[in-house]
Structure formats: C-alpha cells, structure tokens
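1. heads up, no residue letters with this:
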C-alpha cells in the first residue's frame with residue numbers, strides 16, 4: 001500500500017469515529033434527558049445524569065468538529081501528496097508524533113475515572129454517589145474503548161509514514 005492509501009485509510013477511520021462520536025453523543029443526550037424526566041431524585045439512575053450528559057455533550061460537540069477536520073484532510077492531503085510526498089511526510093510525521101504522545105495521558109485519565117467510579121459505586125454511601133460512580137465507570141470504559149481503537153489506528157499510520165519509500 002502506498003502513502004496515499006495509508007493516509008486515506010487512516011482518515012476514513014478517523015471520519016467514521018467522528019460520525020460515531022456525534023451519533024453516540026446525541027444518544028447520550030437523549031438518555032440524559034430521559035433520566036432527568038423519569039428517574040426519581042436521589043436514585044442511582046439520577047446520579048448517572050451528569051456523567052451521561054457530559055458524555056453526550058462531548059460527543060455531540062466534538063464529533064462534528066472532528067468530522068469537518070477529517071473531511072478537510074481527506075480533500076487536501078491527496079493534493080499535497082501528489083505535489084510533494086516527501087514534504088507531506090515531513091509535515092505529517094511530527095503532527096502524528098504529537099497525536100501519538102497524547103494517548104498515554106488519556107489512558108491514565110480514563111483509568112483514574114474508572115477507579116474513582118468503582119470506589120464511588122461501591123463506597124459512595126448514597127444512591128446518588130453510587131450513580132455518579134457508575135457514570136464515571138461508563139465514561140472511563142468508553143474512553144478506553146474509543147482511544148484504544150484510535151491509538152492503534154494512529155500507531156499503524158505513523159509506522160507507515162516513517163517507512164521510507166512507501
């Protein structure tokens with residue numbers, strides 16, 4: 001596979017992820033609305049309201065922005081590669097190195113949220129705090145899943161970018 005195909009494959013995957021963030025965000029916002037309307041105050045379910053709403057807002061907000069930037073890259077980068085593949089690679093490798101360096105702090109953050117969620121879910125005392133704990137566990141799990149897939153995709157793309165003559 002050549003550089004253009006690797007780039008296209010990577011950004012198509014990123015675009016799909018952005019669409020999933022958007023749809024998932026909307027679903028979580030609808031779920032938050034349902035929790036707000038249906039769940040009784042002071043219950044575990046009501047405790048999940050804020051974490052579920054946060055996931056919804058992040059997905060529904062970030063998804064369209066990521067979709068736009070990935071679509072722009074899918075339009076612009078093939079032109080750059082056709083003009084000067086070496087210059088494209090010289091620009092893209094440092095950018096992707098920066099992307100790659102963000103994964104460890106994100107994975108640490110998701111793990112901290114998972115641990116905090118487990119602690120609250122088991123030792124939260126009130127049903128509300130137990131619900132918050134379950135919501136934090138949900139955020140940590142979703143974060144690990146999404147970033148696990150994205151980090152592997154970026155690792156493969158960066159590996160292909162750094163192979164000379166590809």
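-> Happy to help now that I have it. Treat the numbers as computed from the prediction; the structure is a model and nothing was measured.
2. CA only for contacts and neighbour counts going forward, please
-> Fine.
3. what's the spacing between the residue sitting furthest away from the middle of the chain and residue 76?
-> In the chain, residue 83 marks the outermost C-alpha relative to the chain mean, sitting 31.8 Å out by Cα atoms, centre = their mean. To residue 76, residue 83 is 11 Å away according to Cα to Cα, to the nearest Å.
4. count the residues that sit near residue 64.
-> Residue neighbour count, defined by other Cα atoms under 10 Å, stands at 18 for residue 64.
5. hmm, it is touching residue 19, no?
-> Yes. At 7.4 Å, residue 64 counts as touching residue 19 under the criterion of Cα atoms under 8 Å.
6. now stretch 27-45: average pLDDT?
-> Stretch 27-45 shows a mean pLDDT of 95.
7. give the buried residues for that stretch.
-> Residues 27, 28, 29, 31, 32, 35, 36, 39, 44, 45 are the ones in stretch 27-45 that count as buried (16 or more other Cα atoms under 10 Å).
8. can I get those residues in CSV with distance to residue 115?
-> Output for the buried residues of stretch 27-45, formatted as CSV (distance: Cα to Cα, whole Å):
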residue, distance to residue 115
27, 25
28, 22
29, 24
31, 24
32, 23
35, 24
36, 26
39, 25
44, 18
45, 19
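9. tell me the one of those residues nearest residue 3?
-> Set against residue 3, the nearest of the buried residues of stretch 27-45 by Cα to Cα is residue 27 (36.1 Å).
10. list the contacts for the closest one?
-> Applying Cα atoms under 8 Å, 6 or more residues apart in numbering to residue 27 gives the contacts residue 56.
11. what about it, which helix or strand?
-> Assigned by DSSP states H and E, residue 27 belongs to helix 3-38.
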